[in-house]
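K.L.:
sequence and predicted structure are below.
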Amino acid sequence: MNEEILAKWRSYDWQLLRDRDTPRSPLMHMALDELLMNEVSQGKRKPTLRIWEWGANAVVLGRFQSVRNEVDPEGAKRHNVQVVRRISGGGAMFIEPGNTITYSLYAPIELVAGMSAIESYAFLDQWVLIALERLGVKAWYQPINDITSEGGKIGGAAQKRQAQSVLHHVTMSYDINSAKMLEVLRIGREKLSDKGTTSAAKRVDPVRRQTGLPRVEVIDHMVATFRELFGLQDSQLSEEELAAAEELIATKFGTDEWLYALP
Amino acid sequence: MHGEYKIPGGKLVVVDLDVIDQRLANVQVSGDFFLEPDEALFALSQSLEGLPADSSEQTITERAAEALANAETLGITAEGVAVAVRRAITGGAA
């Protein structure tokens, strides 16, 4: 990573939120993303890296996806999967807590000033590619928003922008139960038509297979890489933030109006 | 009726609609693309309501382009929307 890029990142006092022992519900994660993005926009919170711990199975729909086109309701019920909608665009993710590595960056918009949207995706995940490389995983960015490797896709990113800030969040496959995923998500042939494969299950090559490391060690290593490159202070969610997120669940993310905005 | 189109180098555009009295109705555009602001998507779906079901891809493209004119788009194009709409209407590849 060149000095100019490092200097850009280091000009902020990055905060880490990592509730290692406090898994959160899928709805709480949706609400925290909106809340923390707003706080960074308003200058109430410093730029933040948040590592997610999932409290339950979930399908997380992109802002513009339709529930019935993406989710098999029988499969979701059978596997105890909660369906939620996030504030960013992009595609549906099937989440099982131990199989997933998810993080969010809440950054001032100046960090990506002068870049196209596509450039900003790769830019904001450069540190992750470095972290993966140090674990022996040769990964790269496949525009628009995929992190991929020779063996297949590792993860996907999505962004939401405001005038003052950008939310950039990524879900990586640590491990994957493809059969279960295919029972829960509807993945059509059309979606795969220009990706050169016909099987959704084959497209993913999870981090566990590629590194052989426990999930927590991979996350530790990612956090350490970010800390070393850009600096990182440990931080906590305040009582006020948690209460505000609960309020957002009650008024927005937990409502049918939000989830079924596109039925 | 349902149509999908994976925009080469972009994202998947999905269109669900009905044809009532030879016109498009209940149009819902969805997919895994990116769009700011959010409202632009609903404006896009709305802009296609009432179009004659035999509208050409060109006509649909123009209508969609107008609706997307002030939006920031990533992975979705007016042309791609038009292909998905035609596929929904004809029930196959357009």
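P.N.:
It's in.

K.L.:
so what's residue 5 up against?
P.N.:
Let's take chain A. A:Phe123, A:Gln126 (CB atoms under 8 Å, 6 or more residues apart in numbering or on different chains). Using the backbone N, CA and C atoms, a C-beta is placed for each residue, glycine as well.

K.L.:
actually it's chain B I care about, not the one you picked
P.N.:
By CB under 8 Å, 6+ apart, B:Tyr5 lies in contact with A:Glu190, B:Leu12, B:Val13, B:Gly80, B:Val83, B:Ala84, B:Arg87.

K.L.:
what's the mean pLDDT across the host helix or strand of it?
P.N.:
B:Tyr5 belongs to strand B:2-6 when assigned by DSSP states H and E. For strand B:2-6, mean pLDDT is 96.

K.L.:
for stretch A:123-141, same thing?
P.N.:
The pLDDT scores in stretch A:123-141 average 97.

K.L.:
so how far is it from its chain's centroid?
P.N.:
From the chain centre to the centre of stretch A:123-141 is a distance of 15 Å (CA atoms, centre = their mean, to the nearest Å).

K.L.:
can you list the weak-confidence ranges in chain A?
P.N.:
Within chain A, the ranges that satisfy pLDDT under 70 run A:188-202.

K.L.:
how many residues are close by the closest residue to A:Val60 other than its chain neighbours?
P.N.:
Spatial nearest neighbour of A:Val60, chain neighbours left out: A:Met93 (4.7 Å); criterion: CB to CB, 6 or more residues apart in numbering or on different chains. A:Met93: 21 surrounding residues under other CB atoms under 10 Å in any protein chain shown.

K.L.:
report the separation between A:Met93 and A:Val216.
P.N.:
A:Met93 sits 20 Å away from A:Val216, going by CB to CB, to the nearest Å.

K.L.:
and if you look at A:Asp175?
P.N.:
Relative to A:Val216, and taking CB to CB, A:Asp175 is found at 13 Å.

K.L.:
looking at these two, which one has more neighbours?
P.N.:
A:Asp175 (15 against 11).

K.L.:
from the opening residue of stretch A:109-122 to its closing one, how far?
P.N.:
15 Å (CA to CA, to the nearest Å).

K.L.:
that stretch near chain B at all?
P.N.:
Yes. Looking at stretch A:109-122 against chain B by CB under 8 Å from any CB of the partner chain, the contacts come from A:Ala117, A:Ile118.

K.L.:
re earlier: angle of whichever helix or strand comes after the strand holding B:Tyr5 against strand B:2-6?
P.N.:
Per DSSP H and E, the first helix or strand lying C-terminal to strand B:2-6 is strand B:12-20. Strand B:12-20 and strand B:2-6 meet at an angle of 160 degrees, taking axes from the mean of the first three to the mean of the last three CA atoms, to 10 degrees as the criterion.

K.L.:
quick check: buried residues in strand B:12-20?
P.N.:
B:Leu12, B:Val13, B:Val14, B:Val15, B:Asp16, B:Leu17 (16 or more other CB atoms under 10 Å in any protein chain shown).

K.L.:
between the residues you listed, which sits nearest A:Leu124?
P.N.:
Distance to A:Leu124 across the buried residues of strand B:12-20 (CB to CB) is lowest for B:Leu12, with 22.9 Å.
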